[in-house]
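# Give me a 3D structure for the following:
(chains A and B)
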Number of protein chains: 2
Amino acid sequence: MGLVVQKFGGTSVGDATRIRRCAKRVAAAREDGREVVVVVSAMGHTTDELLQLAAEVSTSPGRRDLDLLLSTGEAVTAALMSMALRDLGHDAVPLTGGLLGIRTDRGYGSARIVAVETDAIARHLREGRIVVAAGFQGTAPDHSITTLGRGGSDTTAVALAAALGVREETGGVCEIYTDVDGVYTADPRIVPGARRLARISYEEMSELASLGAGVLHTRAVLFGQRYEVPIHVRHSAREAEGTMVVRESIDMERKAVVGCALTPDLARIAIRGIPNRPGVQGTIFRVLAEASLLVDDIIQNESADTADIAFTVAADRLGDVKIAAERAAAEVGAIGGVSVEVGLAKVSVVGVGMRTHTGVAATMFESLAAAGIRIANITTSEIKISCIVPKERGAEALAAVHDAFGLGSAAVPAPARVSATV
Amino acid sequence: MGLVVQKFGGTSVGDATRIRRCAKRVAAAREDGREVVVVVSAMGHTTDELLQLAAEVSTSPGRRDLDLLLSTGEAVTAALMSMALRDLGHDAVPLTGGLLGIRTDRGYGSARIVAVETDAIARHLREGRIVVAAGFQGTAPDHSITTLGRGGSDTTAVALAAALGVREETGGVCEIYTDVDGVYTADPRIVPGARRLARISYEEMSELASLGAGVLHTRAVLFGQRYEVPIHVRHSAREAEGTMVVRESIDMERKAVVGCALTPDLARIAIRGIPNRPGVQGTIFRVLAEASLLVDDIIQNESADTADIAFTVAADRLGDVKIAAERAAAEVGAIGGVSVEVGLAKVSVVGVGMRTHTGVAATMFESLAAAGIRIANITTSEIKISCIVPKERGAEALAAVHDAFGLGSAAVPAPARVSATV
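Residues are numbered from 1 along each chain as shown, chains lettered A, B, ... in the order given. The predicted structure follows:
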C-alpha cells in the first residue's frame, strides 16, 4: 500500500484527549504497514488567541511578525502529536519551518508554494519514522516563516502528498480529517435531507469550496487536481466512509447537479454610467484588488455609450468596498454614481454533468419561482449556476433547489441528457 | 557607543502591556544611536502551560519533542516584541530557531552551545534593524530545535553578546532586565536590610547564582566571564542603577564578603562504611549523576579502612536520591548503610576578598554561635564558605551572617587584610 498523508484540523486536535485519539488513527495506518505523514493544524482557538495578543501589542502588526507568531500554533500541535505517537510505541519526528521543505514566495499571510523539497521527509520515512508536519507554514527565500493563508493546512497536506508522489496508481491517498462526515449535497444544518457524496470531482469540489460550502479549501483542491492527488475527506472521530475527491469519471455524469450551496450574507454594489471605453473594467477591479477586497458575480449591462457594472461582496466588508468603489468610480469618470443593495444571499448549484445536460437552469429558476422567491441576479460558470436572492429567503431557496434536483435521494431521474450547456 | 544586548525575562514580558513597556526601553536605546539585540523569554506561565499539555498527551514526552514544544513560547514573544517595536516606528526582525545562529550539541533539554554564527544578526544590524532573538533555544547538528535548560535566555543573551564582540573596551553591554533592582547582599525578602551591589565580579556572581540566590544563571555568568562580557542586571519596570557584573578589580578587594545566600530546604545523605579503595567515590557519584541528581557539599571522613561520604541534595529530590544512593552503596560494598537527615538549610558567604582577608570563617562561625544556631556541616571553596544549619533557623542564620559582615551598610570596616585564605 502506498503512502498516506493524514491531515487533522484544529477542532480534531483541540485538546490533549483529541490529539491522543487522532494519534491512534495515525498509529493504525502505520500498523497496517503504510508510510504515514501527518499534517496538523493549530489546536482549537489557538490562532484566535494569538491574533488577539498581536492586536493587544500593535495597532497594525507586520505580516512577517504575524506569520511567525501564528506558525507557533501548528508547531505546538506537531510536537504534541509526535509525543502522543511515541507514547503509542511509534518512532515519530515533528518537522516545522524550514525542515518541512515547503518553500514559498514572500507573500506573508497568504504565501504561495514555489517548491516542496522532500529530502528530509523521505529520509525520515525510509528510516521508519512517522513524519509529523506542522501545517499552514512554509519559508520565504530568506528562510523566515510564511503562512499559507486560509485553509493552509489542507494545502500543506495536498502539496506534501503531491511532492511525495501520492497518486491513485500508487495506492496513496491524502486523508483530510475534519469534524463532518464528508462532502454533502447541501449544508445539512440548513437542509436536513442533504446526502453525503461518496465521490466528487476536483472541479465540483473546487466550486463548492469557493462558495464556502466545502470542508476543503479551494487552493488545496486545485493543488490536488493539478497533481491528481486522491483526497479523502473523513470524520476524525467516527469510522465513516467520507467523500473521495477524484478525477472526473464517466459515472459522475449521470447527474447534472451534485451539490448546492448557500452564501448567506452578501451586498451588491453597482457603479452606473461608466464611459464604455477599453480598460475601464480593469481599472475598477484593480482598485478593489489593491484594497484586498474579494468580489464575485460581476455583471455588466451596456446602454448607448455607458455601462453599468454590478458585483457582490461579503456583507462584512461592505464599508471598505464602498470606499474603494467610489474611488474607482471617480477614477473612470462614472456619471451614474455608486449604489448599494444589502440583505442578499446566493444559492448555487454545481455539477460537471451540466456540461451535458439541458434544462438545469430552467429547473433551478422554476423551483425558486414555485417557492415564490425573487431572483435578483443570475451568474453562471461552466459547471455552476448562481442566483442572488433575498437574504431572508436564502435557506428556503437552498432547500427548494436541493429538492428540485433530487439531491436528497439517489433515485430521482436526471433531466434529459444531450450535449449542450445550460 | 557599542552594541547593547537587552534580555527580558518571562515576568517582564508577561502580557501585552508589559511587552509594550519593554519595547519602549529597547526603542530608547535605539534612539540613543545604539545597535540593539533583544533577547526574550516566554511570556509568564507559558512554559508551565506547555509542560502541562505535554503531560496530558504523553506519560513520558520525548526530549526532542519537548524542546520543539517549549521553544514556541519564546518564538511567540519574539514575534510580539518585533510588532511592538514596529508600532514604535522601528524596523525590527524576529529571529528564531536556525536563523538565530546558535548551534548546540544534541543535548535536548539542556543543550550546550558549540558555536554562534552571527552573519544573519550582523547583516540585520548593519541594515539598521533591531534584532529580536527568541531566547532559550538553539539548533542541533540535524537542525532540530534544542533548548538550553534553566536560565537559557540569560545564556542566549550573554552568548550573543560575546559572539557580537560586546566588551567593556568597545562600550558594549549585555543588559539583563528582570523583576528585581539588581544583585543584593542577601535576599531582601529574608533580610530587609539587604543592600544592592553596584558592582560584583563574575566569580562572586557565579557562586551566588549557583546558590540559587542570584537573578542570573550560573551558565550565563560563566559565559560572560570567559568572554569578558559586561553584564548589567536591571529592573525592567523601574529606572534604577542595577548591578554591573564585571571582571574582578582592585577596589573589590576592600571587602572580604560581598553577599550571602540561603538555600532553604536541603536533605543530607550519608553513605557509611565504604571500603576506601581508589575509585569508590567516582562510582558513587556516577550513579547519582546518571539519575540526573544534583548533589552538593560533599564531605568525606576516613576511619581505618573505611570512609563515610555525606552530601546534600534539594529536599524535593530526596526520594530519587535515596534510591540512587542505596544502589551506589550496594555497588561499592558499603557496610554502614545509607542514612538520611532532613530539615536542613545552608547559609553561605561569598567574596573574592576572602583570598586576601583572614578571619572570615571565624566571623561567620561566631555570628552563628552568638545566635545560638548549631552548625551541622561546613564546606568551603576559594571564595565561599557554607554552613549547614537547621532549616527552621535558616532565615535567622542568614540575617546574623549578613549583619556580622556589615553587608547592610557601606561603612563597616573590613576585617584585617593580609594575604591568606580562610
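
# low pLDDT regions in the stretch 301-422 of chain A?
Counting by pLDDT under 70, the stretch 301-422 of chain A has low-confidence residues at A:409-422.

# Same question for the stretch 151-300 of chain A.
By pLDDT under 70, the weakly predicted segments of the stretch 151-300 of chain A are A:213-214, A:250-254.

# quick one: contacts for A:Gly193?
A:His402, A:Asp403, A:Gly408 (CB atoms under 8 Å, 6 or more residues apart in numbering or on different chains). Backbone N, C-alpha and C define where each C-beta goes, glycine included.

# Who are the packing partners of the helix or strand encompassing the first one?
With the criterion set as DSSP states H and E, the secondary-structure element containing A:His402 is helix A:394-404. Taking 3 or more CB pairs under 8 Å, 6 or more residues apart in numbering or on different chains; DSSP states H and E as the contact definition, the neighbouring helices and strands of helix A:394-404 are strand A:259-275, strand A:337-350, helix A:360-370.

# any chance you could map the strands in the stretch 151-300 of chain A?
Taking DSSP state E, counting those that start in this stretch, the strands of the stretch 151-300 of chain A run over residues A:173-178, A:199-201, A:231-235, A:243-246, A:259-275, A:296-303.

# residues near the residue of the stretch 251-400 of chain A found nearest chain B, how many?
Closest to chain B within the stretch 251-400 of chain A is A:Ser292: 19.6 Å, counting by CB to the nearest CB. Neighbours of A:Ser292 under the rule other CB atoms under 10 Å in any protein chain shown: 11.

# of the contacts of A:Gly193, buried ones?
Neighbour counting by 16 or more other CB atoms under 10 Å in any protein chain shown classes A:His402, A:Asp403, A:Gly408 among these as buried.

# tell me the contacts of the residue nearest to A:Arg112 when sequence neighbours are not counted?
Using CB to CB, 6 or more residues apart in numbering or on different chains and skipping residues adjacent in sequence, the residue nearest A:Arg112 is A:Asp105, 5.1 Å away. Applying CB under 8 Å, 6+ apart, we find A:Asp105 in contact with A:Ala111, A:Arg112, A:Val114, A:Ala140, A:Pro141, A:Thr146.

# Can you tell me which of the residues you listed has the most neighbours?
Of the contacts of A:Asp105, A:Thr146 is surrounded by the most neighbours, 30 neighbours in total, counting by other CB under 10 Å.

# Find the nearest non-adjacent residue to that one, please.
Going by CB to CB, 6+ apart, A:Thr146 has A:Ala111 as its nearest residue, at 3.7 Å.

# Just say helix, strand or coil for that neighbour.
Three-state call for A:Ala111 (DSSP: H, G, I helix; E, B strand; the rest coil): coil.

# related to what we said a few turns ago, what's the farthest-apart pair in the contacts of A:Asp105?
The span of the contacts of A:Asp105, defined through CB to CB, is set by A:Arg112 and A:Pro141 at 12.5 Å.

# Give the burial count for the nearest residue to A:Glu382 once chain neighbours are set aside, as a bare number.
Computed as CB to CB, 6+ apart, the closest residue to A:Glu382 that is not its neighbour in sequence is A:Arg355, at 6.6 Å. Counted by other CB under 10 Å, the residues lying close to A:Arg355 total 17.

# mind checking the backbone torsions on A:Arg355?
Dihedral angles of A:Arg355 (phi, psi; degrees, to the nearest 10) stand at phi -60, psi -30.

# pretty sure it contacts A:Lys384?
No - assessed by CB atoms under 8 Å, A:Arg355 is found out of contact with A:Lys384, at 11.3 Å.

# Which one of the strands of the stretch 151-300 of chain A lies nearest to A:Ile373?
Taking CB to CB, strand A:259-275 is the member of the strands of the stretch 151-300 of chain A nearest to A:Ile373, at 12.3 Å.

# how far away is A:Glu239 from chain B?
23 Å (CB to the nearest CB, to the nearest Å).

# Tell me the spacing between that residue and A:Tyr227.
28 Å (CB to CB, to the nearest Å).

# Kindly report the same for A:Ala115.
Between A:Ala115 and A:Tyr227 the computed distance is 13 Å (CB to CB).

# for A:Val245, same thing?
Computed as CB to CB, the A:Val245 to A:Tyr227 distance reads 13 Å.

# would you list every one of the helices in the stretch 151-300 of chain A?
With helices called from DSSP state H, counting those that start in this stretch, the stretch 151-300 of chain A shows them at A:152-163, A:202-210, A:218-227, A:280-290.
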